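Enquirer: Please work out how this folds:
(chains A and B)
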Amino acid sequence: MANTSKKRKTVEYSRYGYFFIAPFFIVFAIFQLWPLIYTIGLAFCENYTDAMFNMEVGPYFNGLENFKTVFIGNDGRVFNTYTFQALWNTIIMWLMNFLPQILLALLLAVWFTDTRVKLKAQGAYKILTFMPNIITAATISVLFYKLFDFPNGPINQVLTNWGMISQPYNFFQSKWATRSIISFINFWMWYGNTMIVLTAGVLGISPSLFEAARVDGASSWQIFKSVTLPMLRPILLFTLVNSAIGGLQMYDIPKLLTTSGYGDPDYTTRTMTMYIRDLAFTGSRQMGKAAAASLVLFVVTLIFSLILFYIMRDKDAIKEKKAIKAAEKARKGAK
Amino acid sequence: MKKKVISVLLSTAMVASVLAGCGSDSGSTAAPAADDSAATTEEAPADDAAAEEAPAEDAAADTAASGDKFYIYSWNTELQERLAYVTEAHPELADRIEYVNVGDSAIYQEKIDQLLQNPDAEDYPDMIAFEAGYIMKYTNSDFTIPVTDCGITDDDLAEMYPYTITIATDQRDGSLKGLSWQSCPGAFIYRSDLAESLLGVTSPEEMQAKIGTWDDFLATAREIKEKSGDATRILSSNGDVVNTFMSNKTEPWVTSDGVFHMDSAMEEYMDVVKVLQEEDLTQKTTQWSDEWNAGPSTDAVFGYFGCTWFLHWTIKANCGGSAVGEGTYGLWNMCQGPAPYYWGGTWLGATAGCSDKEMAGTIMQALCCDTDIMTKMSEETLDYVNNKAAMKSLSDAGKGAYDFLGGQDFIAVFSPLAEDVDVSWMCAYDQKVNELLDTQVTAYSNGEKDKETAIADFKAAVADAYPGVTVE
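Expert: Alright, predicted model coming up:
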């Protein structure tokens, strides 16, 4: 008995850790990693089902053909394709909802955490701002669809009764009206969420910094600019990247809000994910082209995130690092 | 060592359970991921410790599929209600039929396409329903089998309207792949009281003379708008006219050589919609919206383009009453309108992996061929059934006089129209191409682009959706 266990004197618990985390990695590999690799592979293949005889073509390797149709339009102009139209739509609607959203959320977060302002009934207000986020996107879409209904929706009735417009206006046949409604819904749904994340970030800043600034006679704006914002950078970066990824994958609201679900009017509210889905599951079920469009979305998301990381980088820390390196070099040189 | 075995078992069991749970809803979201997960679901259990259980489950599923359940897929409850007539005649089938209502015709094809990829799945459809807009995609493929394989003979088809057979015939080898129990010729259904007060028209024949061509139709539309003082419009939505134009194309969107054709009838359609929009001749609602559905109960809408089922389930259902004197019940009439046309209809076909072809044949025979059952069905549901003998006997018996139409005989109006339906313009691409066209027609009629741009954009959209089609 004693002899057999001689080899291992101590019990190694560490390897059991691998067994416990194994399920995650197995599930990840099957449901995320493999589909990802498969998608990249499909993007270089011709694969669609023609409706005429419901026959699947491919997947055959066809090089960069899918990317050619994604990037170059019928008239030979680069980016003049439905893919890039969908991408612009997505970016426009994301910016239209994200810029006001982050500004309002930041403002509210600062107000709620300001020890001098001391707003009353904060809890109630926080619940109210977070509420739209709890309701499902489908419900909200139907709600807004009914509100802006033509010709007898509540908004049209109110506007005509107040004499602001003489004729009912068909909001969903105007691209900017529809885009604005979609952006507003996203803004309204998510500013509460962003506010809570930012509030947590502000609360994480040491109160002594604010006190010191105030003792030195800094104004509220100066405190915000020179204390809150720099200290909030990591949280802001997280919010920005998160929102960029979420925003570029916008799907539910534009899909459900418009009548046909194909981005009325005239595809001007069709987002990238809606288009990818249309490619892959309607018409010819073009898996290859859909995969190529997905990769475009992936690369764009990556670029956006990298740009954000670059803009939000901690310049002082980098400077400090450089200074330390330089100092070390100088010391070595002196030796 | 023992612990190691246990932990490996635990983790594989966990993975297996996760995989099993994902099988049923793998079809909904991410693009290629859905197909992959379905594929891996089948393979994965074979590799791990759960292997002993998996085959047992499969075997159970197989016997269940072939022995008991007979899956029939459709997108609403209509077919389910009609199947009651089948089970009445063949009570032994009632327990085996598993009717799956997908619930939304917009996602029906996607759902069916995925199911057909997996012949071994327990819920693989034995029979599927098709709509006219995409039936050819399935009948022209190996996913469906000829009805003769199910025991349907030429005698069974004798009383059917020819167009219902033409549509469901495989264009490759001429075999018939689906049957329909209904026939859906269309007419213009209008308010007889408004016709009298606004236009001085007292009979369907006079009305027909006023809307015999599209020019007459638009002139009458202007007259109605003017005489009613803007209170009444001839149609509810601009899109209401679409089916009449679709049925009058001279060739299909995509001919058998895979070439796309823009028919001149479609340009006329764009022009008519443009006039309707610009001169404010309709209510400008959207088809099937609440506003649109509310039309029949008010005096705001003069008429609708509707077919057999439309008359009963759309206009009558929304007229605001259920007997003469209530709402607009009894105040309607029908005439042919500017052009004969055809709209909708449902076919039923057996799939390649159908577990019980004999049963499929029995259901099709009872539902679509049996004159007695179909006569009864038509009498009770007012469906215009796909059986000339049944419709003739009902008409002869005076069952066609319809109090909703003020006593007008709806069978007498529809019968000659059903005989004349021409479906040479149909193709497997219809539904999606019509959707793409609708987007451009809306943009054109709203003045956002001119006709050339709209047509060019339409062609670009078709080319984008169908890489296999040649768009010049």
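
Enquirer: so where is the stretch 51-200 of chain B shaky, pLDDT-wise?
Expert: B:51-67 (pLDDT under 70).

Enquirer: Which residues of it lie near chain A?
Expert: B:106, B:109-110, B:113, B:134, B:136-138, B:140-143, B:172 (CB under 8 Å from any CB of the partner chain). Every residue, glycine included, has its C-beta placed from N, CA and C.

Enquirer: run the last query once more with 6 Å
Expert: B:Glu110, B:Lys137, B:Asn140, B:Ser141 (CB under 6 Å from any CB of the partner chain).

Enquirer: Which of these fall within helices?
Expert: By the criterion of DSSP state H, membership of these in helices covers B:Glu110, B:Lys137.

Enquirer: From the residues of the stretch 51-200 of chain B next to chain A, pick the one nearest chain A.
Expert: B:Ser141 (3.3 Å; CB to the nearest CB).

Enquirer: mind listing the strands for chain B?
Expert: B:70-74, B:97-101, B:127-131, B:179-180, B:185-191, B:235-237, B:282-285, B:303-307, B:332-335, B:341-342, B:346-350 (DSSP state E).

Enquirer: Please name every helix or strand in contact with the fifth one.
Expert: What it means is strand B:185-191. Applying 3 or more CB pairs under 6 Å, 6 or more residues apart in numbering or on different chains; DSSP states H and E, one finds that strand B:185-191 contacts strand B:303-307, strand B:332-335, helix B:410-419.

Enquirer: Which of those sits closest to B:Ala461?
Expert: B:Ala461 sits nearest to strand B:303-307 of all the helices and strands packed on strand B:185-191, at 25.2 Å, using CB to CB.

Enquirer: Alpha carbons only: can I get that closest one in PDB?
Expert: Extracted in PDB, the C-alpha atoms of strand B:303-307 (Å, rounded to 0.1, in the frame of the first residue of the first chain):
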ATOM      1  CA  GLY B 303     -64.200  47.600 -53.000                       C
ATOM      2  CA  TYR B 304     -61.500  45.000 -52.800                       C
ATOM      3  CA  PHE B 305     -59.900  42.700 -55.300                       C
ATOM      4  CA  GLY B 306     -60.600  39.300 -53.800                       C
ATOM      5  CA  CYS B 307     -60.800  35.700 -54.500                       C
END
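
Enquirer: Tell me what angle that strand forms with strand B:185-191.
Expert: Per axes from the mean of the first three to the mean of the last three CA atoms, to 10 degrees, the angle that strand B:303-307 makes with strand B:185-191 is 150 degrees.

Enquirer: list the helices and strands strand B:303-307 packs on?
Expert: Secondary elements touching strand B:303-307 (3+ CB pairs under 6 Å, 6+ apart): strand B:185-191.

Enquirer: by how many degrees do the strand it packs on and helix B:410-419 diverge?
Expert: Per the same axes, to 10 degrees, the angle that strand B:185-191 makes with helix B:410-419 is 140 degrees.

Enquirer: among the residues of the stretch 51-200 of chain B next to chain A, who's most crowded?
Expert: Greatest neighbour count in those, by other CB atoms under 10 Å in any protein chain shown, goes to B:Lys137: 25 neighbours.

Enquirer: Adding mean neighbour count, write the helices and strands packed on strand B:185-191 out as TSV.
Expert: Formatted as TSV, the helices and strands packed on strand B:185-191 follow (neighbours: other CB atoms under 10 Å in any protein chain shown):
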stretch	mean neighbour count
strand B:303-307	26
strand B:332-335	24
helix B:410-419	19
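
Enquirer: need those in a markdown table with mean pLDDT, can you?
Expert: Listed next are the helices and strands packed on strand B:185-191 as a markdown table, based on pLDDT from 0 to 100:
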| stretch | mean pLDDT |
| --- | --- |
| strand B:303-307 | 89 |
| strand B:332-335 | 89 |
| helix B:410-419 | 85 |
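
Enquirer: Turn the ones you listed into CSV, including distance to A:Ala51.
Expert: Shown next, in CSV, are those (distance: least, CB to CB, whole Å):
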stretch, distance to A:Ala51
strand B:303-307, 24
strand B:332-335, 34
helix B:410-419, 27
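
Enquirer: For A:Ala218, which of these is the nearest?
Expert: strand B:303-307 (71.0 Å).

Enquirer: Need phi/psi at the residue nearest to the spatial centre of chain A.
Expert: Centroid-nearest residue in chain A: A:Gly246, 2.1 Å away (criterion: CA atoms, centre = their mean). Main-chain dihedrals, A:Gly246, degrees, to the nearest 10: phi -60, psi -40.

Enquirer: Tell me how far it lies from chain B.
Expert: 15 Å (CB to the nearest CB, to the nearest Å).

Enquirer: which residues does the residue with the shortest distance to the centre of chain B bridge with?
Expert: Residue closest to the average C-alpha location in chain B (CA atoms, centre = their mean): B:Glu131, at 3.4 Å. Under DSSP bridges, the beta-bridge partners of B:Glu131 are B:Thr346.

Enquirer: chain center to stretch B:386-394: distance?
Expert: Stretch B:386-394 sits 22 Å away from the centroid of its parent chain (CA atoms, centre = their mean, to the nearest Å).
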